[in-house]
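A.B. asks: what follows is a protein structure lacking sequence information:
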């Protein structure tokens, strides 16, 4: 019986799993969903452009921007990045529409 208790104690001393991430707040969750929605909107818009170097460059630029800011956790900064990103995207969208129509 004592051996099983010592085994149980040894099991509980293991470090926490690296797979399990700490829970995020509701505000962080909402901002993450908004960010993912924004990323999907960008990708969908880029797929309207016929395959070309321009399309690849725009996709690469967007991906680099998202990757560059991946570790940001301040909610105010995340909101700022989303609003400025959406303003840039509106400009890019006009360019995309010109590429598709023209």
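C.D. replies: Cool, got the structure. This one's a predicted model, so the numbers in the text were calculated from it and none came from an experiment. Numbers count the residues shown, from 1 in each chain.
A.B. asks: residues contacting residue 76?
C.D. replies: Counting by CB atoms under 8 Å, 6 or more residues apart in numbering, residue 76 touches no other residue. Backbone N, C-alpha and C define where each C-beta goes, glycine included.
A.B. asks: quick one, longest helix in this protein?
C.D. replies: For the chain, the longest helix by residue count, based on DSSP state H, is helix 75-101.
A.B. asks: just how off-centre is that helix within its chain?
C.D. replies: The chain centroid and the centroid of helix 75-101 are separated by 15 Å under CA atoms, centre = their mean, to the nearest Å.
A.B. asks: quick check on residue 52: phi, psi?
C.D. replies: Torsion angles at residue 52 (phi, psi; degrees, to the nearest 10) stand at phi -160, psi 180.
A.B. asks: nope, residue 72 is what I meant
C.D. replies: The phi/psi pair for residue 72 (degrees, to the nearest 10) is phi -70, psi 130.
A.B. asks: need the next SSE after the one helix or strand in the chain whose mean pLDDT sits lowest, C-terminal direction.
C.D. replies: Within the chain, no helix or strand scores below helix 2-12, which has a mean of 55 by mean pLDDT, DSSP states H and E. Remark: after helix 2-12, the chain's next helix or strand is helix 26-46, criterion DSSP states H and E.
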